[in-house]
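# Give me a model of this one.
(one chain, ligands or ions: 1)
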Amino acid sequence: MTLGADVLIPASDIQEKVREIGARINEDYWGKNPLLVGILRGAVVVLADLMRNVDLACEIDFMEVGSYGLGSTSSGIVRILKDLQEDISGRHVLIVEDIIDTGLTMSYLHDLLLTRKPASLESFVLLSKPSRRQVDIDVKYVGFEVPDVFVVGYGIDYAGAYRNLPDILALELESASE
Ligand code: PRP
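Numbers count the residues shown, from 1 in each chain. Reported below is the predicted structural model:
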């Protein structure tokens, strides 16, 4: 049960950050044709904004992964619910995520996609919770570092809800373990 919510990152700050990272991607991938891989479902909103700030010939694809963990805790055992449609061998691949928490999902995705021999593999996360990290993983593009609070909005859900909110909110829960 939720008790309240405070705006943690307003929509205007998110848009500015996504523009700024889009400009960096334009420089870093100049002359290339990157494949932006959105990880369903949370990344849908940021991918839609990020790609419109990428002024290159680029393509998109999606994967959906799930954790066998209970509730909001990752177990590190990831299962693929939807795989890529594109062959990524020789492609410049950029994973696009809404949030990195323990890092287990990103670590798994990196290891998996590297076996498919991309020309390069980097990642973007809008939000990072460094205090929660369980594996050391290098993320090239990070929007915001946030404390260990329950966040929703701009693609991120709580029990399926709130993904449509334009701001990112810190949710106050009755029980942190819910
Ligand atoms: C979130 C996020 C990452 C993962 C990060 O997905 O999009 O995929 O958790 O957590 P980790 O760093 O601890 O592995 P979630 O399972 O909430 O699914 P969703 O994107 O469909 O909301």
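
# Please count neighbours and contacts with C-alpha atoms only from this point.
Noted.

# Can you report how many residues neighbour residue 92?
For residue 92, the count of nearby residues is 19 (other C-alpha atoms under 10 Å).

# That one against residue 118, yeah?
Yes: judged on C-alpha atoms under 8 Å, residue 92 makes contact with residue 118 at a distance of 6.2 Å.

# What parts of this protein come near the ligand?
Contact residues (C-alpha under 6 Å from any ligand atom) of the chain with the ligand: 40-42, 66, 74, 97-105, 156-157.

# go again using 8 Å as the cut-off
Contact residues (C-alpha under 8 Å from any ligand atom) of the chain with the ligand: 39-43, 64-67, 72-74, 76, 97-107, 132-133, 155-157, 160.

# Summarise which helices and strands the helix or strand containing residue 3 is packed against.
Using DSSP states H and E, residue 3 sits within strand 2-9. Secondary-structure packing of strand 2-9 (3 or more C-alpha pairs under 8 Å, 6 or more residues apart in numbering; DSSP states H and E): strand 168-173.

# hmm, who's touching the strand it packs on?
With contact meaning C-alpha atoms under 8 Å, 6 or more residues apart in numbering, strand 168-173 is reached by 1-11, 149-154.

# quick one: strands adjacent to it?
Here strand 168-173 is paired, per DSSP bridges, with strand 2-9 (antiparallel), strand 150-152 (antiparallel).

# Tell me what the residue nearest to the spatial centre of the chain is bridged to.
Nearest to the mean C-alpha position of the chain, counting by C-alpha atoms, centre = their mean, stands residue 97 at 1.2 Å. With DSSP bridges as the criterion, residue 97 is bridged to residue 125.

# likewise residue 62?
Beta-bridge pairing for residue 62 (DSSP bridges): residue 38.

# Could you do residue 145 as well?
residue 128.

# Quick check: which helices or strands does the helix or strand containing residue 26 pack against?
For residue 26, the enclosing helix or strand under DSSP H and E is helix 11-28. Using 3+ C-alpha pairs under 8 Å, 6+ apart, the elements in contact with helix 11-28 are helix 44-51, strand 141-145.

# Now for residue 158: which residues touch it?
residue 152.

# Below-threshold pLDDT in the chain: ranges please.
1-2, 68-76, 175-178 (pLDDT under 70).
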